[in-house]
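*Asks:* take a look and give me a structure for this.
(chains A and B)
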Amino acid sequence: MKFVINVLSASTAPSTRRALRFAQALLASGHEIVRVFFYQDGVLTASNNIVVAQDQQDIAQQWQAFITEHQLDAVVCIAAALRRGVLDQAEAQRYQRDAVNLAEGYQLSGLGQLHDGLQQADRLISFGGE
Amino acid sequence: MAQSVLLISRQAPWAGIAAAEALDIALAAGAFDLPLSMLFMDDGVFQLLAQQQPQILEQKDLSANLQALPMFGIEQLYVAQQCLSERGLADSSLAIEAERLDDLQIQQLIRQFDHVITL
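*Replies:* This next block holds a predicted model:
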């Protein structure tokens, strides 16, 4: 089955960890992930400036490793990302900001990419809240 | 045929940016001519009220964006009657036309869509 995964909370939220474990289980069971879409506070997961204490799980890093390993289409809503300070090179230049912190493997794009993913998918699974 | 989406908006207009971000999903679907309907539930029903004064809370007025939905082809708007009643709004006039549904009708509505997004 084809899935879109929608991540709505920051990487500190248990729901974002559950989203990752669910996505890993999907691939392990032979399903396809059409796209992972990061929206609302979910965009914070795509920052490469997250530093986690040694005795805690780094879910943002785990998400990035998972996306890179499986070459997943990981789209971060550009409007939601900009207002939360997650910028790629082009946006940092456009708005004259020092920081470029969109992690490798992610791309900034519009909400149209969520809808485009849904049109290709059998199931949308959203992870938000705590 | 395009897959249909039901967007359930559950946040009050004053509760940060969540309601506006839900609305953006609807407007994006409209821009791509995709079939999307909206259901307002829980504190999301407050978005529909007339005569809001968001400027007092230094918030942006969502009403204009909500009223623009039909222009984007998003014409089917629903509101949970029970959620209005629980908030003492059963008899309030709504600034935005939305069909009032009881719980059973909401169950039936959700079944009609290919995808459901709840924000």
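*Asks:* which other helices and strands contact the lowest-mean-pLDDT helix or strand in chain B?
*Replies:* When each helix and strand of chain B is scored by mean pLDDT, DSSP states H and E, helix B:63-67 comes last, with a mean of 88. With contacts taken as 3 or more Cβ pairs under 8 Å, 6 or more residues apart in numbering or on different chains; DSSP states H and E, helix B:63-67 sits against helix B:18-31. To be clear about C-beta, it is placed using only N, CA and C from the backbone, and glycine gets the same treatment.
*Asks:* for the helix it packs on, packing partners?
*Replies:* helix A:112-120, strand B:5-9, strand B:36-40, helix B:63-67.
*Asks:* follow-up on the earlier one: which positions in the least confident helix or strand of chain B come out as buried?
*Replies:* Within helix B:63-67, the residues scored as buried using 16 or more other Cβ atoms under 10 Å in any protein chain shown are B:63, B:65-66.
*Asks:* which of these sits closest to chain A?
*Replies:* Chain A has its nearest neighbour among the buried residues of helix B:63-67 in residue B:65, at 13.5 Å by Cβ to the nearest Cβ.
*Asks:* list the contacts for the residue nearest to that closest one when sequence neighbours are not counted?
*Replies:* Nearest residue to residue B:65, sequence neighbours excluded (Cβ to Cβ, 6 or more residues apart in numbering or on different chains): residue B:23, at 5.5 Å. By Cβ atoms under 8 Å, 6 or more residues apart in numbering or on different chains, residue B:23 lies in contact with B:9, B:62, B:65-66.
*Asks:* where exactly do the helices run in chain A?
*Replies:* Under the criterion DSSP state H, chain A contains helices at A:14-28, A:59-69, A:78-82, A:89-94, A:112-120.
*Asks:* so how far is the last one off the chain centroid?
*Replies:* A distance of 15 Å separates the centroid of the chain from that of helix A:112-120, by Cα atoms, centre = their mean, to the nearest Å.
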